[in-house]
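**Q** here is my input, please return the structure:
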Amino acid sequence: MLLRLVPRLQSAFPGVKIKLRGDAGFAFPLLYQFCEFFGIQYAIGIPANCVFQQRAQSRQKQLKRRYRRTQVPQRSFSSFRHRARSWSHQRRICYKAEHSAAGTNLRFVVTNCAGRASEIFAFYNDRGECENRIEEFKNGFRADRLSCHRFLANAFRLLLHGASYNLVNFFRLQLPQPWRSAQIETLRAQLFKIGARVRQTARCIRFHLASGWPFQNLFRSVSFAVNSG
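**A** Numbers count the residues shown, from 1 in each chain. The predicted model follows:
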C-alpha cells in the first residue's frame, strides 16, 4: 500500500513531509528501510525485550523510589541508540517509563524523528485518533450498511455516507466547545433528531420546530454560520 501511495503523494505534494506512525504490529525492519529510503519520518511501537528493559532499568528504579517517597504517579521519557541483528545500522529507541500504584509501565518506540522523546510519544499516541473517526463514520452513519448486490451500488451508497459525514463534521466545527468534540450520536439526539410539524404551501415548505427545544439558539447560530460560509 505504501509503495503505491507514497510516490503519488510525493509527486502531488512536492516538498511536503510525510510522517508515519503505527503500533507494534508494524515493527518490521523492511518498513523502517522503506521509510528511510523515501525520506518518511516514522514513529512505530516496538515490543519490549530484555535489552530494552535493561537500558530503561535505572530510570525505572528512579521513578519507583520517587513514587514511594511522594505517592504521586511518576512518568519519564528518554531515548537511546540500538542496533538489532537484522538491522543494517543503529536506530533511535524512545521509551516512556511510568510507575504508579498499578506498578511499572514501559513503552518503546523506534523512530527516525528528531526532538525530545516526550514529543515523539505525543505524535505516536495520536495514531488512535484516526481509528476513532473511522469508528464514528462506521457506527454514526451506518457506513457498513452495504447490502446491495452490485459493486457500483455499494460504492454509491458509501459515497453518500461519506458526504453525510463531511456535512455533519463541517457543522460540528462551527459549534463552540465542548460541542465540537461531541460524538455523532450526541449531535443526532440533541441537535438533529427533533419533533417538527411540516407545512407545505404553493410557494414553500415550512418546518415548525417546538418552541421549548432547549438548543434552538445554538442550532440557529450555527446554521447561520454554515450558510454564510
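
**Q** quick check: buried residues in whichever helix in the chain runs longest?
**A** Counting residues, the longest helix found in the chain (DSSP state H) is helix 151-173. Neighbour counts over helix 151-173 (16 or more other Cβ atoms under 10 Å) mark Arg157, Leu158, His161, Ser164, Tyr165, Val168, Phe171, Arg172 as buried. Backbone N, C-alpha and C define where each C-beta goes, glycine included.

**Q** with stretch 94-102 instead?
**A** Here stretch 94-102 shows Cys94, Tyr95, Lys96, Ala97, Glu98, His99 as buried, counting by 16+ other Cβ under 10 Å.

**Q** verify the stated contact: Lys64 with Ala97.
**A** No. Between Lys64 and Ala97 there is no contact under Cβ atoms under 8 Å: 9.5 Å.

**Q** identify the contacts common to these two.
**A** Both Lys64 and Ala97 are contacted by Thr104, under the criterion Cβ atoms under 8 Å, 6 or more residues apart in numbering.

**Q** backbone torsions only: list them for the residue of the chain most remote from its centre.
**A** Centroid-distance maximum for the chain: Ala202 at 48.5 Å, with Cα atoms, centre = their mean. The phi/psi pair for Ala202 (degrees, to the nearest 10) reads phi -70, psi -20.

**Q** could you measure from it over to Ala48?
**A** 73 Å (Cβ to Cβ, to the nearest Å).

**Q** can you show me the strands along the chain?
**A** 19-22, 41-45, 74-82, 91-100, 103-111, 196-200, 205-209 (DSSP state E).

**Q** average pLDDT across the longest one?
**A** Regarding strand 91-100, the rounded mean pLDDT is 94.

**Q** how about it as CSV, C-alpha atoms only?
**A** C-alpha atoms of strand 91-100 as CSV (Å, rounded to 0.1, in the frame of the first residue of the first chain):
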residue,chain,number,x,y,z
ARG,A,91,18.2,3.4,15.2
ARG,A,92,16.8,5.6,17.9
ILE,A,93,14.6,4.0,20.5
CYS,A,94,12.4,6.3,22.6
TYR,A,95,10.8,4.9,25.7
LYS,A,96,8.2,6.0,28.3
ALA,A,97,8.6,4.8,31.9
GLU,A,98,5.7,5.1,34.3
HIS,A,99,5.3,4.0,37.9
SER,A,100,2.1,4.1,40.0
